[in-house]
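In: Need coordinates for the following:
(4 chains)
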2 protein chains.
Amino acid sequence: MLTISQLACYSGVTVRAVRHYHQIGLLPEADRDSSGYRTYDAASVVRLIRIRVLANAGVPLARIEELLDADADDFSAAIDDIDRELRADIRRIQASRKRLASLAAGDSLALPPSVVGYLDRLRDLGVDERYIELERDSWIMVAAQVPDGIDEMIAAKHAGLDDPDMVDLYRLLSGAVDWPADDPRVVEIADVLERLMIRAIEDGQAEGDGFDDPFVDFLDATTREAAPIARRLLAILEERGWRGWTRIERKPDSDPR
Amino acid sequence: MLTISQLACYSGVTVRAVRHYHQIGLLPEADRDSSGYRTYDAASVVRLIRIRVLANAGVPLARIEELLDADADDFSAAIDDIDRELRADIRRIQASRKRLASLAAGDSLALPPSVVGYLDRLRDLGVDERYIELERDSWIMVAAQVPDGIDEMIAAKHAGLDDPDMVDLYRLLSGAVDWPADDPRVVEIADVLERLMIRAIEDGQAEGDGFDDPFVDFLDATTREAAPIARRLLAILEERGWRGWTRIERKPDSDPR
DNA sequence: CTTGACCTTGACGCGACGTCAACCCCGGAT
DNA sequence: ATCCGGGGTTGACGTCGCGTCAAGGTCAAG
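Out: Alright, predicted model coming up:
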């Protein structure tokens, strides 16, 4: 008769594992000797070795019992099933590795390459780094919201930069992050911006953006918090009949001028 | 300002996950409104999205914080490190899959192919299935104990079957599993067995088997329990100066005849 | 008689949350 | 005023396969 540590040794498992198998019912509770020690025999060793073989092959403990006394067909069906799960595990990890690799390749922690390219272009235009960080954060949120539409949106933004007014706008905004809330130059920004918006609507660029309204409101609110001047700018635009910043939209009751 | 579910929605995580990140300190505890609700802003969304990007790339939560504000070198070093771990995970699972495949291929739940072949040969010799099961269980234990030596041992057993006495022995043992404990034919078995043992010693086959003594004792004890006749057989051999069954060995004080 | 190596049960810990439970808060309909 | 449904809050348990510690009882040997 064997003690639990001898059983464990001959079966190649730890004592703790044996007790665990008892606990979950995989190994039936063993007989006890006069002082309460568990006693085992060769049959226990053989059963435990079989359990280990299956466990080492990646079979979950909960499924081992059914395998131990399954006929050949059920057995191989179960094996197929388990192998499928193992393959799925591997695929999951490989997907992680791909994402990890794209992070290492420079994806600026949540930004697709197209956005990185766009921000680089802004940098080339001389836009202030602090303003770029504001844009970047917005793009991070947008990319998380509509991951499939992001490249298209960025393409549209690139096209927008062909308009000198847009370049002008960025130059103005870039400096404006420091302006006090009542800086009068804000009107200049509003003028440029309004021209751009009117042209965007004429060109039919102000179509569905795929966002839902609360998200647009949230981005607008974020913009308002971003710099002292932002609140004023949006207020002026609102006076002139525009609705927000994120989405180009006229207020329903505004005259078309 | 956002509620927790809005934050979760914009960041692509579950509410529970957000609270979990609070709990482990990955996301700093948010401010509360008058009724105790957590309130969030855009910065929270951005941070949470970054956390998700890293988590989805397989970075353990515990290591995400250090990555969020690491410089490029530390970052890519950490990424390499994590990728190594992911590769190790994959290798582990693939090792499991290999073992699983060899199970499906017929490895009789813990038996290497060489042993299966040997047992098949016994079957061909007409050995009773019940006796074969006894041998099989012993081989399972032996294979678990000395996995690297098993093929060599089986080769030696195959060679042993060239001796007609060995075939004879198996025939006798095969029938003997049913004999009552006092069956007189046991002497016949002892005679054959003793001839074989003497020859084995002469041929130098009784060398180190790689087992330690307690394991040999255990196998002997198991043998004694296996059939009614076994105890008698071993007792007779002991009278004649032999020590056990698993290991061919003379008792130290026995005359060399 | 002590020592050290065994055995026993019970419990927490890991990782990343999912899933109750029990209760609070708020706005809208009855 | 009340109810309802859909938010929010904390707290706790479950997952999986054990490792590890705690606090004690048992046993063979010196």
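In: From the contact counts, what lies against whichever strand or helix holds A:Ser114?
Out: Using DSSP states H and E, A:Ser114 sits in helix A:113-124. On a contact count with 3 or more C-beta pairs under 8 Å, 6 or more residues apart in numbering or on different chains; DSSP states H and E, helix A:113-124 meets helix A:129-145, helix A:150-160. In short, each C-beta sits where N, CA and C put it, glycine included.
In: Tell me which of those lies nearest to B:Leu193.
Out: Proximity to B:Leu193 (C-beta to C-beta) singles out helix A:129-145 among the helices and strands packed on helix A:113-124, at 77.5 Å.
In: got the buried residues for that closest one?
Out: A:131-132, A:134-145 (16 or more other C-beta atoms under 10 Å in any protein chain shown).
In: residues making contact with it?
Out: Outside helix A:129-145, the residues within contact range by C-beta atoms under 8 Å, 6 or more residues apart in numbering or on different chains are A:108, A:110-112, A:115, A:118-119, A:122-123, A:150, A:153, A:170, A:173-174, A:177, A:211, A:215, A:219, A:222-223, A:226-227, B:10-12, B:42-43, B:45-46, B:49-50, B:52.
In: Quick check: which element contains A:Asp183?
Out: Per DSSP H and E, there is no helix or strand for A:Asp183.
In: What score does it have for pLDDT?
Out: Note on A:Asp183: pLDDT of 94.
In: Show me where chain A dips below the pLDDT cut-off.
Out: For chain A, the stretches with pLDDT under 70 are A:107, A:253-257.
In: Distance check, the nearest residue to A:Tyr37 once chain neighbours are set aside against A:Arg47.
Out: In this structure, A:Tyr37 finds its nearest non-sequential neighbour in A:Thr3, 6.1 Å apart by C-beta to C-beta, 6 or more residues apart in numbering or on different chains. Applying C-beta to C-beta, to the nearest Å, the value for A:Thr3 to A:Arg47 is 17 Å.
In: More neighbours: which of the two?
Out: Higher neighbour count among A:Thr3 and A:Arg47: A:Arg47, with 20 against 14, using other C-beta atoms under 10 Å in any protein chain shown.
In: check contacts around that one.
Out: Contacts of A:Arg47 by C-beta under 8 Å, 6+ apart are A:Leu27, A:Leu68.
In: where's it, which helix or strand?
Out: Assessed by DSSP H and E, A:Arg47 sits inside helix A:42-56.
In: and the following helix or strand past that helix, does that touch DNA strand D?
Out: Counting by DSSP H and E, the element after helix A:42-56 in chain order, helix or strand, is helix A:61-68. Yes - using C-beta under 7 Å from any atom of the strand, helix A:61-68 comes into contact with DNA strand D via A:Leu61, A:Ala62.
In: my read: A:Val127 touches A:Tyr170, true?
Out: Yes - with contact defined as C-beta atoms under 8 Å, A:Val127 reaches A:Tyr170; the gap is 5.3 Å.
In: Comparing those two, which shows the higher neighbour count?
Out: A:Tyr170 (22 against 19).
In: That one belongs to a helix?
Out: Yes - under DSSP: H, G, I helix; E, B strand; the rest coil, A:Tyr170 falls within a helix.
In: need the contact list for it.
Out: Neighbour list for A:Tyr170: A:Leu122, A:Leu125, A:Val127, A:Tyr131 [criterion: C-beta under 8 Å, 6+ apart].
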